[in-house]
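1. Take this sequence and fold it.
(2 chains)
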Amino acid sequence: MMYFLVMIALLLAGVLIVSASDRKLSRQVGILFSSIALAIALVMLVEYLHGGTVTYSEAIPYISSFGIYIQFYANQFSIPLSLLAGIVTLAALIGGNPMREKEKATTALALLFEASAIGLFASGNLFLFFIFWDVGVIAAFFMISYLGSGNNHASSKTYLFYSILASALLLFGILLIYFYMPVRSFSIQAIEAGSALIPPSIQTAVFALLFVAFMIKMPVFPFHSWMQSAYSDASTQGSMLIGGVLSKFGAYGLLLLFLMLPIAKVYAPYVIIIAIISAFYAAFNMLKKDDMKRMVAYASMVESALILAGISAIGIFGEEGAIYGMVAYGLGIALLFLSVGSIEFMFGSKSTKVLRGVVRDAASTAYAFLFGIFAATGVPLTGAFIADLLIFIGTERSFGLVGLIPLFSIVIVGAYLYYAAEISIFDTKKGMDMVRYESGHWNPAYALLVFAIIAIGLVPYFILGFR
Amino acid sequence: MMELFVLVPVLLAFLFCLIFRDKRIRSTGYVSVIASLASLAMVIYMALFLQQGTQSIDWFSVGGYVFSLQVTSAHINMMLLFLVALISPLIMIYSLGFFEDVSEHRRFYAEMNLFAASMMLFSISANFLSMIIAWEGLGITSYLLIGFWYAKSEAARAARESISIIIIGDVAMLAALIILFNAYGTTSFYSISAQPISYPLYAAFLLVVLAVLTKSAQFPFSGWLPKAMEGPTPVSAFLHSSTMVKAGVFLLILFIPVLLKLGLLPVILLLGAITAGIGVLNALSGKHIKRILAYSTLEDLGLMLVAVGLNAVFAAILLFVTQTFYKALLFLDAGSISRANGEEYDITKLRESGGNRLIFITAVIGVLSIAGIFPFSGFLGKVGLEVSANSIYTYIFLVLVEIGTGFYIFRWLFIPMKNSGRMEIKGKLKSTPVSMILPQVLLALFVIGGISVYFFLPSYLGIKSLSLSYLRVIAETIFAIAGTLVAYYIYRRGQTVKVSKGLFVFVHSIDGINWFYLKFAAFIEAISKFLGFLDYFVYMLFYLFGFLSLWVGKRLRNLVNGNVNMYAAWIAIGFALILLALVFRI
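-> Purely as a prediction, here's the structure:
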């Protein structure tokens, strides 16, 4: 079955139908298409866990003279990550746009982004990888510039500057691989098999190019400057999708890079050092933020650094941990962004200096935020716990006690998020009144995300059961 | 597997609390009481009929390594499980009366059931993986419960301060688990205890001790415990008697052989002694009826660590068991007294019994027990410890702590007692419902009956008993009574006394710890400020690029404004420039 092709085609059809449909219907149509895509991903999950098939690919010749196929893999990476994209997009569509402003554009962009994310995670060759990468980048750009608020135009320009740089480096790196492969090919499997024959100097160059490109996207210190304004000025949906899914583009690419290029093992010790610096840099920078969206943005940067640490620990634990981390952290960050976005909508502010006593009038949102903190700090029975466990078993194996250092950045993240929860959400002594009353249409979205977080926390088999 | 069934009733009650939405009737409370009684019945059955043994349940596997949860029915675990299961229904019953506002019941019982479930899982877990689930579960549920009355700023603050300390321990414990797993391929308590000394074992157990210090509120992490008194009284009673803070100590008792091998016992002894000292000294100056008891818990926990540090297993266990009963009892008394006096917590403004004789009698039993007066069970822990003292300095320290305990706990009793005769208290005394009195009476009976643990625990747990000579028992009681008499002499008229400046530093040493936290937080903030400045600088650099591109775009926009004359002019200028260039051959 060509599940991925069907999913992507369906979502792209959804984009067209939403664009053509009535404004009032667009959100419902979007939710419908997104849930069908999620259902297909779930069917795929069940089928592959049940059948125990490892990898299959769906291929259609596209530009045969260059050996380019439209080719998708269903494997231990693509299925969990497609589920992540599906769940976060569905939650974003349900709860992410309380204003009902620019409904058609919002829905169409979310679907387009979901299509690009699923395509990227499942793509079987680097050509498709690059195309879906850029589609995702552009969709996210409009979520910041067209749908965002605040200094959204300047933020989106900064974001675009970084993204174009990343895309250029990515394209250059991909072409280098293509031309220096013994048999020219874009196929990831072929590259994994034959990349040992690429001369080491070229491998180093490719590694450097792609590593910087992926660092920008994750984001990792020192290429993270686009992040805080982009995350905070994007629409709620935009923040959820960028923080939850788009940043995983970079992480997934990096994982592929480490699988593809043998030279990457040589640089792994440097990568863990970058991960350590990035984790603590982000954690310390988080402390002075009073904008809750920026706070969550830096928390997500810490978690990107943890994923980076997992990737740098080559081996089964690091690899599985990184995938687990992408899914679990992605869901947690999406939940945090959604609850902060809802708070901003209801109370007209996202600053901890102004917000007081959210729990009094918006209990479900307050508890969703609290659960997001639990998910971000890796409390057991949320997915992030198993991610932390696997990642740091991997790093401890590869680097000894040094590999455990990034784990302690979670202390700072947790302490500060709990502090924000105390002063803005729970201390109701000086409670503030709502600007807009909204009878919790985001509750289903919270429920979806919380359910998904607990499900992968309780039953790791969903993600680890592929081999 | 049988062991895990104990969790089922409480977890079902938790789900019931989540689903059941009617706030007017007390159904959540009744369901929780029944569930905890069901758990108790199962625990009693298991303690009597279940063979000791360990079961493991596979959770997931990665790369051929299986991660499994292990539970055990070893007798020492059954002992803790029994204590938890015995105290939890009492607390649940007490809470029925304590929370007059029924709308709070649902949230309270939901959190309380989760808390009890975490502690039950902790008591039966036999490897680090299942233990850490319970360990962190305790952390977050205690956060929710301490901050239960979050409408008060102090409660929200206390909850956050506790979780900020506890999260350090959570992460340290996870790191320890990872080190042990990588070194030995297993996290089972028993196989790890059997390992020879090695570098990973040392690193891991340093982290475990760190985690224990945070969870059991030992020096230098003791600051959060007294503040946690902002939580509702039933929570304090549960948290301080059988759950949460005792978890850390229990873990140390389990690992005494390993700690002995690694030579960490003297460190534990020292830290325990410091904590006990801080606890006693601050209890001497406290005025908050619950906070004095919290300092007293610090002292108890410190003494348990001292017992662990002395490698006196049975003494530690005696203290562990007897403390459960008298501390729960005293907290419930404190809750009843302050509730009867209209939520007044200052001992100088309280009347002792709230007009109910049973509260007073049970309080006296608790006080006699904690002071260590024969034949109330609390004396077992004290005398066991003094018998185990390895040097004259330890012994003197323990005797001083003993006298101090007698002093502060009778001060706690005398001041409100004398107030009753002396001053009129504003407002009417509230009567105390049966649901609050009953657990107190039962606990008082346990305190008296607890003396029996000395006789059957050694054979049940299979450890060496302590021989207590009459001389020791008499000496210990004399010390306790000495403290009492001093307290009686000073507070016989119920007034408070002023302490001299030299002593003031010591009796408020907890503030010193808090000052240290603030300085540490300021240090972290300074780093953050510096890095934040750096980050902002780089960020602004690129952000200006964004603004610059907008500005340039706005200016350049005028070039393509559709004005054909303008286009023509530009074309002409271009041509002219090209011509000029050609003519002058530049």
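
2. Would you mind naming what in the stretch 51-200 of chain B lies close to chain A?
-> Within the stretch 51-200 of chain B, the positions lying close to chain A (CB under 8 Å from any CB of the partner chain) are B:59-63, B:67, B:132-133, B:136-137, B:139-140, B:143, B:147, B:150-153, B:156-157, B:159-160, B:163-164, B:167-168, B:170-171, B:174-175, B:177-179, B:181-182. Where you see a C-beta, it was placed from the backbone N, CA and C, and this is true even at glycine.

3. Now which of those would you call buried?
-> When those are checked for burial by 16 or more other CB atoms under 10 Å in any protein chain shown, the buried set is B:59-60, B:62, B:67, B:132-133, B:136-137, B:139-140, B:143, B:147, B:150-151, B:153, B:156-157, B:159-160, B:163-164, B:167-168, B:170-171, B:174-175, B:177-179, B:181-182.

4. So residue B:71: helix, strand or coil?
-> In the three-state summary, residue B:71 is assigned as strand, counting by DSSP: H, G, I helix; E, B strand; the rest coil.

5. my guess is it contacts residue B:6, does it?
-> No - using CB atoms under 8 Å, residue B:71 is not in contact with residue B:6, being 9.6 Å away.

6. Surely residue A:230 is in contact with residue A:153?
-> No - the pair residue A:230 / residue A:153 is not scored as a contact, 11.7 Å apart, by CB under 8 Å.

7. Kindly tell me how buried the closest residue to residue A:81 other than its chain neighbours is, as a neighbour count.
-> Leaving out its chain neighbours, the residue that sits closest to residue A:81 by CB to CB, 6 or more residues apart in numbering or on different chains is residue A:121, at 3.9 Å. Residue A:121 has 27 neighbouring residues, counting by other CB atoms under 10 Å in any protein chain shown.

8. Am I right that residue A:121 falls within a strand?
-> No - when classified by three-state DSSP, residue A:121 is found to be helix rather than part of a strand.

9. wait, doesn't it sit right on residue A:82?
-> Yes - distance between residue A:121 and residue A:82: 5.5 Å, which falls inside the contact criterion (CB under 8 Å).

10. Render the CA-only coordinates of stretch B:288-308 in CSV, please.
-> Extracted C-alpha coordinates of stretch B:288-308, given in CSV (Å, rounded to 0.1, in the frame of the first residue of the first chain):
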residue,chain,number,x,y,z
HIS,B,288,3.6,28.1,64.1
ILE,B,289,1.9,25.0,65.5
LYS,B,290,2.6,22.9,62.4
ARG,B,291,6.0,24.3,61.6
ILE,B,292,7.4,23.2,65.0
LEU,B,293,6.3,19.7,64.0
ALA,B,294,8.0,20.1,60.7
TYR,B,295,11.3,21.0,62.4
SER,B,296,10.7,18.0,64.5
THR,B,297,10.4,15.9,61.4
LEU,B,298,13.8,17.3,60.2
GLU,B,299,15.2,16.1,63.5
ASP,B,300,13.6,12.7,63.2
LEU,B,301,14.9,12.3,59.6
GLY,B,302,18.3,13.5,60.7
LEU,B,303,18.4,10.9,63.5
MET,B,304,17.4,8.2,61.0
LEU,B,305,20.3,9.2,58.9
VAL,B,306,22.5,9.1,62.0
ALA,B,307,21.3,5.6,62.6
VAL,B,308,22.1,4.6,59.0
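
11. coming back round to it: from the buried ones among the residues of the stretch 51-200 of chain B next to chain A, which land in helices?
-> Cross-referencing these with the helices (criterion: DSSP state H) gives B:132-133, B:136-137, B:139-140, B:143, B:153, B:156-157, B:159-160, B:163-164, B:167-168, B:170-171, B:174-175, B:177-179, B:181-182 as the overlap.

12. how about the spatially closest residue to residue A:456 that is not a sequence neighbour, what does it touch?
-> Spatially, and ignoring its direct neighbours in sequence, residue A:456 is nearest to residue A:383 (4.0 Å; CB to CB, 6+ apart). Residues in contact with residue A:383 (CB atoms under 8 Å, 6 or more residues apart in numbering or on different chains) are A:324, A:327-328, A:331-332, A:375, A:453, A:456-457.

13. which of the residues you listed tops the neighbour count?
-> That'd be residue A:332 among those, by other CB under 10 Å, with 32 neighbours.

14. Next one, pLDDT for residue A:413 please.
-> Confidence at residue A:413, expressed as pLDDT, is 92.

15. and the next element down the chain from the helix or strand it falls within?
-> Taking DSSP states H and E as the criterion, residue A:413 maps to helix A:409-420. Taking DSSP H and E as the definition, the helix or strand that follows helix A:409-420 towards the C-terminus is helix A:443-458.

16. The following helix or strand past that next one packs against which elements?
-> From helix A:443-458 onward toward the C-terminus, using DSSP H and E, the following helix or strand is helix A:461-464. The helices and strands touching helix A:461-464, judged by 3 or more CB pairs under 8 Å, 6 or more residues apart in numbering or on different chains; DSSP states H and E, are helix A:23-51, helix A:316-347, helix A:443-458, strand B:54-62.

17. What is the burial count for residue 6?
-> Just going to use chain A. Going by other CB under 10 Å, the residues that sit close to residue A:6 add up to 14.

18. right idea, wrong chain: chain B
-> Residue B:6: 26 surrounding residues under other CB under 10 Å.

19. three-state assignment of residue A:60?
-> Taking three-state DSSP, the label given to residue A:60 is strand.

20. shouldn't it be in contact with residue A:70?
-> Yes - under the criterion of CB under 8 Å, residue A:60 is in contact with residue A:70, at a separation of 4.5 Å.

21. which one of the two has more residues nearby?
-> Remark: of residue A:60 and residue A:70, residue A:70 carries more neighbours, 21 against 10, as counted by other CB under 10 Å.

22. Secondary structure element holding that one?
-> Assigned by DSSP H and E, residue A:70 belongs to strand A:68-74.

23. Can you give the contact residues for that strand?
-> In contact with strand A:68-74 (CB under 8 Å, 6+ apart) are residues A:2-5, A:44, A:48, A:53, A:55-62, A:78, A:119, A:122-125, A:127-128, A:186-188.

24. Just the buried residues from these, in ChimeraX please.
-> For the buried members of those, the matching ChimeraX selection, counting by 16+ other CB under 10 Å, is:
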select /A:2,3,4,5,44,48,57,58,78,119,122,123,124,125,127,128,186,187,188
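
25. Does chain B have contacts with whichever strand or helix holds residue A:140?
-> Residue A:140 is part of helix A:126-145 when elements are defined by DSSP H and E. No - Helix A:126-145 lies apart from chain B when judged by CB under 8 Å from any CB; the minimum separation is 10.3 Å.

26. With just CA atoms, put that helix into CSV.
-> Once non-C-alpha atoms are left out, helix A:126-145 reads as follows in CSV (Å, rounded to 0.1, in the frame of the first residue of the first chain):
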residue,chain,number,x,y,z
LEU,A,126,17.6,13.6,-0.6
PHE,A,127,15.9,15.2,-3.5
LEU,A,128,12.5,14.8,-2.0
PHE,A,129,13.9,15.7,1.4
PHE,A,130,15.1,19.0,0.1
ILE,A,131,11.8,19.8,-1.7
PHE,A,132,9.7,19.0,1.4
TRP,A,133,12.2,20.9,3.6
ASP,A,134,11.6,24.1,1.5
VAL,A,135,7.9,23.7,1.4
GLY,A,136,7.8,23.4,5.2
VAL,A,137,10.1,26.4,5.5
ILE,A,138,7.8,28.6,3.3
ALA,A,139,4.6,27.4,5.0
ALA,A,140,6.2,28.3,8.4
PHE,A,141,7.3,31.7,7.0
PHE,A,142,3.7,32.6,6.2
MET,A,143,2.6,31.5,9.7
ILE,A,144,5.0,34.0,11.1
SER,A,145,4.7,36.9,8.6
